[in-house]
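Colleague: Below: sequence and its predicted model.
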Amino acid sequence: MERSVGSRLQTLFQQLEKIGGKQARNQTSTEDLQTIRYVTSKIHQILNSQEKTHRDTVLKNSGWVDLILATLKNTSDRTVLLNSIQILAEMLGKTQVGKRAGVLVSANATNILFQVIYREAEDQLSSEDTMMLAHYVLGKLAQKDRKFATKARLNLVLLITLNLIKNNLYNFKNLQSLLSVFKAYTNNSVNASYLGKQNSIPPMFRVIQQCGRKHTAILKLALDILTNLTKSRNNAARTIGGEHVPHLLALYHEWHQLDTKHRHVNLRKAILNILKNITNLRSGRKALADANGIQILYDSAQEVIDCREMESLILLASVIMRKCCPRNKLPLDKLQSPFNLELPESELYPTGQDGINDTGYNGNSPDSDNSSLEEDDDIDSDDERFKTEDHSEEAEDDASEAPEPYKRTSEDLRMYDSFFPELFEIEPQEDDDEPSASIYIPTGNVDSFGNVTADSESRQANLRMPTATSYTSSKSSGYSSLHYDAPDYESYGANRCDSATAINLKTGTSVFSLDGPLSQSNKAPTSAKPKQLIQKSSSSSSSLRKAKGNKKITKDKKKKSSSSLSSAASAGLRMNEMEAEYCNALCITPFPSSSKELDLDREGYSSDEDDMEQYLHSPIVFQEVAGATKSVARFEKLAYPDLVGGKSGSNLEGLYHRKFGVQRIKVFEDIDRMIHPEHVIDRVVYDVDTVVARASSAYTSTTPSLSNRDQMRIGSRLEAGGSASLRFNSQFESGNLRKAIWVREFEYDLILNPDVNTNHHHQWFYFEVSNMVADVPYRFNIVNCEKLNSQFNFGMKPVMFSVTDAMDGKPYWFRTGTSICYYKNHFTRSAQATGGVKGKTYYTATFTVTFKHDKDICYLAYHFPYTYTTLQTHLTLWEQYLDQTQIFFRRQTLCSTITGNKVPVLTITAQPKSLSKDFVDDLRSRPYIFLSGRVHPGESNSSWVMKGTIDFLLSKRPAAQLLRETFIFKIVPMLNPDGVINGCHRCSTAAEDLNRRWDNPCPRLHPTIYHTKGLLQYMQMIGKVPLVFCDYHGHSRRKNIFIYGCCPTLSYIPNDTKNPACTGNKTEDNSFKTLPRILHLMSPVFSWQNCSFVVEKAKETTARVVVWRQIGVIRSYTMESSYCGIDKDGKYKDQHISTLMLEEMGHRFCEGLLRLRTRFSGKDQAVSFPFAEDSNSPNGPTQESGSDELLAEADEDVNLPDEQILYGAEDEEYDEEDDDEMYEEDETYDDDRN
């Protein structure tokens, strides 16, 4: 039977082919026409009655398909037309038409059917059956024809289909096919715009009205068509003008009430998509608000808020509501920072005061700051692989404004002679017949002219250990105090004011007061021996482990150790005589000398809390140094965490895993505030602008004697106008909080200060909060954030410091917060703050904090603070205890900032063993390592890494001594002190990103960059180009710690040869990749996968590229440290980053330098020392290994990603699924820019 049917089909198509040739030549007779009618009818009958195999047989024979289409194209007989279209319909079938439709589309069936429709429409006696059947077939073909809409427009059938719809509004059978085709038309934006002009919107609403509850398929098609049409702004305006918005809301509400089993969610979603398109217009938002649409959507969403199946619908409704909520300006009189500084004039940059003219919200002139938020959206990195907008024109404009780099003369660079005492101040002695084992060369603090500021006697006294700090708690006595040892500080004034730091909690009396001059009873006499309350055992490393394992150390042992140290100091014994071969590192944060015993190499840091109590910090020195710190803003106190040297605790803190729907809940709470304004308290409880305005001309930054009374304030309730609101304060160093608004009982809106002299850059925050009730969740909303997204959406928590906890012996910063998220809000951004871009809004970073103690005083910060005064304190303490017999240490003032703060530059190397010519020449021939950091003041994590680096370099570890004997270190630890002091995030007080001024810095506006670059140019001039340059930064968009370097083959310049890596016949020197690979193998927090070596045009003025290209340093790096945490596989995966991890990274960086091959002294030399054990790291070596073995392993590409994949891959972190991604409204991450 099948063979007979197949033969019959073949015979019929042969007949059709024979007559088709005549038909093409218009030679058909009446008899032939009858034959065509018969043949096409029989083919249709066979396909309609037989099995599907026969349809497939016809489709597989391309000649038969072409024959049917040719007949359809050439005939004018309606019977043949109808038969041919029916054959096509049977060939397609009713289900799974995709593959079969593809065959017909490739045979040009779509164009032929459009031509048939057009011919029929031109004929006054057109057949409706033919038109409907043709649209039925076209509806099937539209699924596989990507150019369907364009073909329809070119064949002039758009209006034909529209007219058919108007004529069949009540014929639901025909509407199904017509609307399917019409929907395909409107998928094309050109067609949608054209059809909107042809009045196609009203018929769709009439179809919707006729459908009711029964014809849901047709209703869905009509709604989808309206969705496509309203994507055009003109069509959206036509919909609004036709007053259809109330009808859509009524339809949505009706289906919300009827669809209780959620079977027609797609209908409600289609309605919301139309409303979303309409509300892109201001008139649409007004129309929806006037029709009470916000309330309707809010109430309907609240009714299904707990249904996971309705999540997509709720998200879409929230997007519409947020768009329609009133756009408000920030509750500020002006956007400009309340702290402004008059800048010096600059010949290089006459417009150097960009952005300092206050235009506020009402200014008509564009913002003069050319660095828009899109260009500078992330201030923590120079990776631009996530760039969303092209700023090449802006970069060219910026480049054209700046003059060509000015080349300083050799005479001018000679001003830096004094900063190289290791080269010019040590003269060899020819008559030194018997050199001693070591020689003492006075080093220490000198000014920029090289004059030593401390005499030799005071330097000999510096052999004493610095004052230690001890935290003790006694519940029985009612005391919780901070005790100080008070050794003989001859350099400190006797009448100095200090802060109160210890009180009796029961009586309120002061135990030890620093509010006034120190009493004689609290002072140590000049002849008194300094005490050491906290001192690690100076025995071997094995005894150190034994001591750590025993938490109970007898008082006799402590006294013995302390008295031993005191007697040694008074006798003038050297430090190295007081310790065994493997002594503890003499660091502000001591670490064991053996790499295998580092706290970070033991799981969970250290199990002994006493380790953290050995953080040496002197509040006395801190307060003395703070008196010399100069600020633009007026400070009223010293921050308690900075005073006591707060840092992170010893316990690992996991990344925050947000529960599903948290962001949605926060958004709906914000919408509820707008719907019910009567529930909002709206009371300002803190306002820096008011403080400045009230002080008027009397407002000054002069703060000669700052103190801290936090311990005395603990437990006292400070009412605010009779209310029980929280109290805020940020008037201290690095503090940043401009305004706090009490909005609900336990909720506060916070507004951050912009950088000084600017009206934008909001990210860093650091403020005090008090007057809280314990165990109550307080919500904080930082409402003027600018970034498109934040690590707050990916596990990061802010940090908090509790004064009560500190008094109980836990002076640590810790991660805090729940319900943490980051989303766009309704506060509009001025065009002056966005580089002229209009229509942008701010973002909200929200988190909830539950305080443990009633009436506590807590400090909240974006990251662990590290202030300028803290740096100066550490430098002072380092000088006090470093072993000058082994370490050549020189602290000099490189320059002063615009506000008059001194910028320190450090020189660290090993002392020559004697003054003989050979040893002095060895000192002078050592290669240089140049380190800098904190050019962006909000990147406090970079300072913690720098602290770890300097700690290691000044320690007594054998590896540190070997490193000092191998290299000379020049370190500028803080390039932007003014920004750090005044709580800025990106800029200096000149309102400029200093890391964009390295190409041509101005000595008046950018003195720190000018002189730091001058040091490098001087080193280049004398033939001492650094072996490594590294600028420490922080990164707010990525996790882990990683490095950016410079690779000529990845440069934006084709055949980039103007760089140090291209010399002689070598096209590229890949040695710059060795150090990052070494660090990846050594450190559990460093990730090679995040490293990049791309050189981009926008980075030509950054430190990394300028030092690489202009100074000639192949290994020129930017080291980025995450604010958030670690996602690298290993023991710290999914853990927050801590100050211990950051400091340890500084240690590992130093150790990594020892494993670099260096070419000096006329031969290749390699240095080596043991790896730290890391049993949890799959890549870490488990036994000692020399640098040769390491470099062989590091240079291999095994287990390391391919470079092309590494540099071209997208960041998977931001591709992860998140239940709240829709709140970003399709906005992607902007680039990270350091």
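Modeller: Everything's here; your move. Keep in mind that what you see is a predicted model, and the values were worked out from it rather than measured.
Colleague: Just give the number of residues close to Ala991.
Modeller: 28 (other C-beta atoms under 10 Å). Backbone N, C-alpha and C define where each C-beta goes, glycine included.
Colleague: Now Leu750. Its backbone dihedrals?
Modeller: phi -120, psi 140 (degrees, to the nearest 10).
Colleague: so what's it closest to, chain neighbours aside?
Modeller: Ile782 (4.9 Å; C-beta to C-beta, 6 or more residues apart in numbering).
Colleague: On the three-state scheme, that neighbour is what?
Modeller: Here Ile782 is recorded as strand under DSSP: H, G, I helix; E, B strand; the rest coil.
Colleague: what about it, distance to Asp56?
Modeller: Here Ile782 is placed at a distance of 64 Å from Asp56 (C-beta to C-beta, to the nearest Å).
Colleague: cool, and Gln115?
Modeller: Gln115 is 27 Å from Asp56, by C-beta to C-beta.
Colleague: Ser318 now?
Modeller: Ser318 is 49 Å from Asp56, by C-beta to C-beta.
Colleague: low-scoring stretches of the stretch 501-650 of the chain, by residue?
Modeller: 501-616 (pLDDT under 70).
Colleague: Let me see the contact set for Asp921.
Modeller: The neighbours of Asp921, taking C-beta atoms under 8 Å, 6 or more residues apart in numbering as the test, are Pro428.
Colleague: and it, what element?
Modeller: helix 917-924 (DSSP states H and E).
Colleague: and the residue nearest to Cys307 when sequence neighbours are not counted, what does it touch?
Modeller: Nearest non-adjacent residue to Cys307, counting by C-beta to C-beta, 6+ apart: His262, 7.3 Å away. Counting by C-beta under 8 Å, 6+ apart, His262 makes contact with 304, 307, 309-310.
Colleague: again, but for Leu1005
Modeller: Leu1005 neighbours (C-beta under 8 Å, 6+ apart): 343-344, 346, 348-349, 352, 898, 990, 992, 997.
Colleague: Could you identify which of those has the most neighbours?
Modeller: Ala990 (29 neighbours).
Colleague: three-state assignment of that residue?
Modeller: Once three-state DSSP is applied, Ala990 turns out coil.
Colleague: and the closest residue to it other than its chain neighbours, how far is that from Val65?
Modeller: Closest residue to Ala990 apart from its sequence neighbours, by C-beta to C-beta, 6+ apart: Leu1005 at 4.5 Å. Going from Leu1005 to Val65 by C-beta to C-beta gives 76 Å.
Colleague: Okay, now the unreliable bits of the stretch 951-1100 of the chain?
Modeller: Looking along the stretch 951-1100 of the chain with the criterion set at pLDDT under 70, you get 1063-1068.
Colleague: try 80 this time
Modeller: Filtered on pLDDT under 80, the stretch 951-1100 of the chain yields the residue ranges 1061-1069.
Colleague: Please enumerate the strands of it.
Modeller: 968-972, 1028-1035, 1041-1044 (DSSP state E, counting those that start in this stretch).
Colleague: how far is the longest one from where the chain is centred?
Modeller: The reference is to strand 1028-1035. 16 Å (C-alpha atoms, centre = their mean, to the nearest Å).
Colleague: That one: which residues count as buried?
Modeller: 1028-1035 (16 or more other C-beta atoms under 10 Å).
Colleague: which of Ile782 and Asp56 has more neighbours?
Modeller: Higher neighbour count among Ile782 and Asp56: Ile782, with 24 against 15, using other C-beta under 10 Å.
Colleague: What separation is there between the more buried one and Ala861?
Modeller: 12 Å.
Colleague: so what sits against both of those two?
Modeller: What both Ile782 and Ala861 touch, as defined by C-beta under 8 Å, 6+ apart, is the set Phe765.
Colleague: Phi, psi for the residue nearest to Cys307 please.
Modeller: phi 60, psi 40.
Colleague: quick one on the thing from earlier: C-terminal to the helix holding Asp921, what's the next element?
Modeller: strand 928-933.
Colleague: can I get the CA coordinates of that following strand in CSV?
Modeller: C-alpha atoms of strand 928-933 as CSV (Å, rounded to 0.1, in the frame of the first residue of the first chain):
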residue,chain,number,x,y,z
TYR,A,928,66.3,48.8,44.5
ILE,A,929,62.7,47.8,45.3
PHE,A,930,60.3,50.8,45.2
LEU,A,931,57.0,50.5,47.0
SER,A,932,54.1,53.0,47.3
GLY,A,933,50.5,52.8,48.5
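Colleague: which strands and helices sit next to that strand?
Modeller: Under the contact definition 3 or more C-beta pairs under 8 Å, 6 or more residues apart in numbering; DSSP states H and E, strand 928-933 sits against helix 940-953, strand 968-972, helix 1007-1021, strand 1028-1035.
Colleague: Mind listing residues that contact it?
Modeller: Outside strand 928-933, the residues that reach it (C-beta under 8 Å, 6+ apart) are 942-943, 945-946, 949, 967-975, 1012, 1015-1016, 1019, 1024-1033, 1103, 1107, 1113, 1153.
Colleague: what lines up beside it in the sheet?
Modeller: The sheet places strand 928-933 alongside strand 968-972 (parallel), strand 1028-1035 (parallel), with pairing taken from DSSP bridges.
Colleague: Between strand 968-972 and the helix holding Asp921, find me the angle.
Modeller: Counting by axes from the mean of the first three to the mean of the last three C-alpha atoms, to 10 degrees, helix 917-924 lies at 40 degrees to strand 968-972.
Colleague: for helix 917-924, which positions count as buried?
Modeller: Of the residues in helix 917-924, those buried (16+ other C-beta under 10 Å) are 919-920, 923-924.
Colleague: Now do that helix: distance to the chain's middle.
Modeller: On C-alpha atoms, centre = their mean, the centre of helix 917-924 falls 47 Å from that of its chain.
Colleague: CA atoms of it as CSV?
Modeller: Taking C-alpha atoms only, helix 917-924 is exported to CSV below (Å, rounded to 0.1, in the frame of the first residue of the first chain):
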residue,chain,number,x,y,z
LYS,A,917,85.5,49.6,50.8
ASP,A,918,84.3,46.2,49.9
PHE,A,919,81.3,46.2,52.3
VAL,A,920,80.4,49.8,51.4
ASP,A,921,80.5,49.0,47.7
ASP,A,922,78.4,45.9,48.4
LEU,A,923,75.8,48.2,50.0
ARG,A,924,75.8,50.7,47.1
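Colleague: Could you pull up the contacting residues of Glu768?
Modeller: Taking C-beta under 8 Å, 6+ apart as the test, what Glu768 contacts is 639, 728-730, 732, 735, 857-859.
Colleague: Can you flag the buried ones in those residues?
Modeller: Among the contacts of Glu768, the ones that count as buried by 16+ other C-beta under 10 Å are 639, 728-730, 732, 735, 857-859.
Colleague: Same list (the residues you listed) but as a markdown table, adding secondary structure.
Modeller: Converted to a markdown table, those look like this (three-state DSSP):
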| residue | secondary structure |
| --- | --- |
| Ala639 | coil |
| Phe728 | strand |
| Asn729 | strand |
| Ser730 | coil |
| Phe732 | coil |
| Gly735 | coil |
| Ile857 | strand |
| Cys858 | strand |
| Tyr859 | strand |
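Colleague: between these, which is closest to Arg238?
Modeller: Phe728 (50.2 Å; C-beta to C-beta).
Colleague: Surely the closest one touches Val685?
Modeller: Yes: counting by C-beta atoms under 8 Å, Phe728 does reach Val685; the two are 6.5 Å apart.
Colleague: Quickly list what's touching both of these two.
Modeller: Contacts common to Phe728 and Val685, judged by C-beta under 8 Å, 6+ apart, are Ala740.
Colleague: if we can go back for a sec, export the contacts of His262 to JSON lines and tack on distance to Lys739, secondary structure and pLDDT?
Modeller: Formatted as JSON lines, the contacts of His262 follow (distance: C-beta to C-beta, whole Å; DSSP: H, G, I helix; E, B strand; the rest coil; pLDDT from 0 to 100):
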{"residue": "Val304", "distance to Lys739": "37", "secondary structure": "coil", "pLDDT": "88"}
{"residue": "Cys307", "distance to Lys739": "39", "secondary structure": "coil", "pLDDT": "84"}
{"residue": "Glu309", "distance to Lys739": "42", "secondary structure": "helix", "pLDDT": "82"}
{"residue": "Met310", "distance to Lys739": "38", "secondary structure": "helix", "pLDDT": "86"}
